[in-house]
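> Requesting a structural model of the entry that follows:
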Amino acid sequence: QVQLVESGGGLVQPGGSLRLSCAASGSIFSIAAMGWYRQAPGKQRELVAAITSGGSTNYADSVKGRFTISRDNAKRTVYLQMNSLKPEDTAVYYCNADIRPSTGTIRLLNYWGQGTQVTVSS
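Here you go, the predicted model:
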């Protein structure tokens, strides 16, 4: 069984920084794209940043220049470094990954983490 477990959320003041981590575990053959989404109260879930297995990245316009996504393939972990945080960054942040399990299928399956709360407030 494959799981994504996020950590690193919390309360931070405007202008501050946080680093989110998401580790994949279980019976994994390979991991393709990984990414971070967020959902604020009353809003739809939106893509924040994504990274391919080769390291290519893309970002939402609202976070470009402030957030950096990276991954450690050996640790099966994706990170989101968030700097210059704003109150509008407040949301539940979800990790997402396309993973080929070790058994049962050769297809990539899409997985979500449970989410971690990020609150930016003074």
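> now the most far-flung residue of the chain relative to its centre: how far from residue 15?
Centroid-distance maximum for the chain: residue 104 at 25.6 Å, with CA atoms, centre = their mean. Separation of residue 104 from residue 15 (CB to CB, to the nearest Å): 46 Å. No exception for glycine: its C-beta is placed from N, CA and C like everyone else's.
> can you check residue 95 too?
Distance from residue 95 to residue 15, by CB to CB: 25 Å.
> ok, now residue 70?
Going from residue 70 to residue 15 by CB to CB gives 22 Å.
> neighbour-wise, which of those two wins?
Remark: of residue 70 and residue 15, residue 70 carries more neighbours, 15 against 11, as counted by other CB atoms under 10 Å.
> Tell me who's in contact with the residue lying closest to that one once chain neighbours are set aside.
Nearest residue to residue 70 in three dimensions, chain neighbours excluded: residue 79, at 4.9 Å (CB to CB, 6 or more residues apart in numbering). Contact partners of residue 79, counting by CB atoms under 8 Å, 6 or more residues apart in numbering, are 19-22, 69-72.
> Of those residues, which belong to strands?
19-22, 69-72 (DSSP state E).
> Which among those count as buried?
20-22, 69, 71 (16 or more other CB atoms under 10 Å).
> so how far does stretch 103-117 reach from one end to the other?
32 Å (CA to CA, to the nearest Å).
> coming back round to it: what bridges to the residue nearest to residue 70?
On the basis of DSSP bridges, residue 79 is bridged to residue 21, residue 70.
> The residue nearest the centre of the chain bridge partners, please.
Residue closest to the average C-alpha location in the chain (CA atoms, centre = their mean): residue 36, at 2.8 Å. Beta-bridge partners recorded for residue 36 (DSSP bridges): residue 49, residue 95.
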